[in-house]
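Colleague: Structure for the following, please:
(chains A, B, C and D)
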Protein chains: 2
Amino acid sequence: MADSDPKLADTWARLSGLFSSRRDALFEQLAELGLNPPHGVALMSLLHAGPTRMGDMAETMVCDASYITAVADRLEELGLVERRSSPDDRRAKQLALTAKGEKVARRLDAVVTEPPPAMTALSKADRDALARIARKLGEPDTSRWMPPRSLR
Amino acid sequence: MADSDPKLADTWARLSGLFSSRRDALFEQLAELGLNPPHGVALMSLLHAGPTRMGDMAETMVCDASYITAVADRLEELGLVERRSSPDDRRAKQLALTAKGEKVARRLDAVVTEPPPAMTALSKADRDALARIARKLGEPDTSRWMPPRSLR
DNA sequence: TATTGTTATACTCTATAACTATA
DNA sequence: TATAGTTATAGAGTATAACAATA
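Modeller: Residues are numbered from 1 along each chain as shown, chains lettered A, B, ... in the order given. The predicted structure follows:
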């Protein structure tokens, strides 16, 4: 097979760079907060899904339930989430954002979901053209929030 | 400040999804090969930079020199790289791709650098428009190859 | 004495298995 | 007996410090 269009490769490299830098920004903010990526995923998931049972969180994050204990311990230690025992099932516990945790979660979420400055700076015509093309490139993430695998 | 353009956020979500899925594909291929991301970064770096002293590789990969020993051990064990003692400095060793390693490195590199299928499938007009806009969005990765931080 | 790579060791991340409280 | 979360433990990934060979 012939090599693909070099101009397209350049386009892809530029778009990839944009994404990489947002990702870097996210990880940097997490590090400043003393958090690792799973901590961030948990916070953002709670922001989108509301209080969540620990077992369900393990499913969302595609990790073992025992690790959720560790993640919750750390987030609780920082005052970002709290454990609530479920009223209906006294075995289960729900994780819920504190007020402080919600602020942090919103900030992290913005880094991921807000378009990067270079995109917002585009002319209206360019943004429209880009939107039209992007619709041909794929679907956005599912309606129910799920951590992009790239954050795991 | 007002919320940013929701249409632009949708555009960004779609582009991000594209990137995430390529990243997933890379990690999947690495896992199939019994490699982890640093192994992949080392291979791709060697592909772009040629034989490299272990200390320089540690600098490229932004990790400790002792970890390069472990990475090299694994890659050597799989027959993907070989250690060569430097002719000029008998303390130093160079890492170099074997023929097999070069094939693997090319395959991994393609996953990262080749535009995703959805992009290649665009019409010429769309690709040109996208290229024009992408040039306003940022520079591609530096000329001398460096692992995107998102791969670390 | 300074530098290159290796080894010994320790710390973080994450999973598996055993445990407890409840259902 | 089965399920939810926790604890104990183990394995990967990665760093720091001590070391051997060479400069």
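Colleague: so residue A:69 touches residue A:54, yeah?
Modeller: Yes: between residue A:69 and residue A:54 a contact is recorded at 7.3 Å, counting by CB atoms under 8 Å. In this view, the C-beta of every residue, glycine as well, is placed from N, C-alpha and C.
Colleague: Let me see the ranges of the strands in chain A.
Modeller: A:52-53, A:81-85, A:93-97 (DSSP state E).
Colleague: Which of those sits closest to DNA strand C?
Modeller: strand A:81-85 (8.7 Å; CB to the nearest atom of the strand).
Colleague: Is the closest one positioned near DNA strand D?
Modeller: Yes: shown here: strand A:81-85 in contact with DNA strand D (CB under 7 Å from any atom of the strand) through residue A:83.
Colleague: which residues does the closest residue to residue A:54 other than its chain neighbours contact?
Modeller: Leaving aside its sequence neighbours, residue A:54 sits nearest to residue A:68 (CB to CB, 6 or more residues apart in numbering or on different chains; 4.9 Å). Neighbouring residues of residue A:68 by CB atoms under 8 Å, 6 or more residues apart in numbering or on different chains: A:42, A:54, A:55, A:57, A:58, A:61.
Colleague: if we can go back for a sec, higher neighbour count, residue A:69 and residue A:54?
Modeller: For residue A:69 versus residue A:54, neighbours defined as other CB atoms under 10 Å in any protein chain shown are more numerous around residue A:54 (17 against 14).
Colleague: ok, the more buried one - contacts?
Modeller: Residues in contact with residue A:54 (CB under 8 Å, 6+ apart) are A:65, A:68, A:69, A:72, A:92, A:93, A:94, A:95.
Colleague: now do residue A:45
Modeller: Per CB under 8 Å, 6+ apart, neighbours of residue A:45: A:52, A:57, A:60, A:61, A:145, A:147.
Colleague: what about 6 Å?
Modeller: Applying CB atoms under 6 Å, 6 or more residues apart in numbering or on different chains to residue A:45 gives the contacts residue A:60.
Colleague: quick one on the thing from earlier: go through the strands of chain A and name the closest to chain B.
Modeller: strand A:93-97 (20.4 Å; CB to the nearest CB).
Colleague: Show me what the closest one is packed against.
Modeller: Under the contact definition 3 or more CB pairs under 6 Å, 6 or more residues apart in numbering or on different chains; DSSP states H and E, strand A:93-97 sits against strand A:81-85.
Colleague: If we use 10 Å, what do you get?
Modeller: On a contact count with 3 or more CB pairs under 10 Å, 6 or more residues apart in numbering or on different chains; DSSP states H and E, strand A:93-97 meets helix A:37-49, strand A:52-53, helix A:54-61, helix A:65-77, strand A:81-85, helix A:99-113.
Colleague: hmm, who's touching the fifth one?
Modeller: Read that as strand A:81-85. The contact list for strand A:81-85, computed with CB atoms under 10 Å, 6 or more residues apart in numbering or on different chains, reads A:39, A:42-43, A:46, A:51-54, A:69, A:71-76, A:91-98, A:100-102, A:104-105.
Colleague: What residues sit buried inside that strand?
Modeller: For strand A:81-85, a neighbour-count test (16 or more other CB atoms under 10 Å in any protein chain shown) marks A:81, A:82 as buried.
Colleague: Now residue A:78. Nearest residue, chain neighbours left out?
Modeller: Of all residues not flanking residue A:78 in the chain, residue A:34 sits nearest, at 7.0 Å (CB to CB, 6+ apart).
Colleague: Oh, that last question was meant for residue A:50, not what I typed.
Modeller: Residue A:50 sits nearest to residue A:96 (CB to CB, 6+ apart), 7.7 Å away.
Colleague: Buried only: go through the contacts of residue A:54 for me.
Modeller: Using 16+ other CB under 10 Å as the threshold, A:68, A:72, A:93, A:94, A:95 are the buried ones among the contacts of residue A:54.
Colleague: Residue A:55 and chain B, how far apart?
Modeller: Counting by CB to the nearest CB, to the nearest Å, the separation of residue A:55 from chain B is 25 Å.
Colleague: Neighbours of that residue, how many?
Modeller: Using other CB under 10 Å: residue A:55 sits among 13 other residues.
Colleague: so what's it up against?
Modeller: A:65, A:68, A:91, A:92, A:93.
Colleague: Go back to the residues you listed and keep what's next to DNA strand C.
Modeller: Within these, those near DNA strand C by CB under 7 Å from any atom of the strand are residue A:91.
Colleague: between the contacts of residue A:55, which is nearest residue B:123?
Modeller: Nearest to residue B:123 among the contacts of residue A:55: residue A:68, at 46.4 Å, using CB to CB.
Colleague: Retrieve the pLDDT associated with that closest one.
Modeller: You'll see residue A:68 listed with a pLDDT of 98.
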